[in-house]
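Chemist: Below are the sequence and a predicted model for it; my questions follow.
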Amino acid sequence: MEAQKKLILLGSGLGFTGIILGAFAAHGLENLISESAIKTFETGVKYQIYHALFLVFLSAQKFTSDRLNKILFWLILIGVLFFSGSIYGLATNTLTQFEFKTIAFITPIGGALLITSWFLVFIHVLKKSKKN
């Protein structure tokens with residue numbers, strides 16, 4: 001499957017699950033966890049949706065290479081899973097038997113992967129504009 005198709009599939013998948021999770025936070029968790037935990041959960045949703053939109057944007061443009069798109073796919077997929085996924089777990093920690101605080105170290109790793117994806121696009125565009 002071509003890299004751009006993978007980007008739009010991942011972006012749309014993260015987008016629709018982000019919308020579902022946002023609705024779940026607003027309507028399903030309101031009586032189960034604290035207001036601050038819901039805000040924390042919503043932070044995970046926001047970053048998931050931001051990166052869903054980023055992926056859809058990347059799939060529609062022509063200034064990145066297939067190689068870079070493949071790298072971005074994995075950086076964003078793992079970044080969202082680590083960052084937003086760990087935030088979802090931490091926000092709902094009181095509802096489970098698993099202690100999500102034991103894996104909280106993956107949150108900044110996920111954030112670093114997401115930052116790296118944006119930085120790579122920035123550098124790629126700068127290099128490409130210098131060649132033209």
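Modeler: Great, that's in hand. As the structure is a prediction and not an experimental result, all values here were calculated from the model.
Chemist: Just want the most central residue of the protein.
Modeler: residue 80 (3.0 Å; Cα atoms, centre = their mean).
Chemist: For it, list the residues it contacts.
Modeler: 14, 47, 48, 51, 110, 114 (Cβ atoms under 8 Å, 6 or more residues apart in numbering). For the C-beta atoms, the positions are set from N, CA and C on the backbone; glycine is no exception.
Chemist: same thing with residue 14?
Modeler: Applying Cβ under 8 Å, 6+ apart, the residues near residue 14 are 48, 49, 51, 52, 55, 80.
Chemist: do the same with residue 78
Modeler: 110, 113.
Chemist: For it, give its distance to residue 125.
Modeler: 23 Å (Cβ to Cβ, to the nearest Å).
Chemist: again, but for residue 44
Modeler: For residue 44, the distance to residue 125 - Cβ to Cβ - is 28 Å.
Chemist: So the two - more neighbours on which side?
Modeler: Using other Cβ atoms under 10 Å, the more surrounded residue of residue 44 and residue 125 is residue 44, with 25 against 13.
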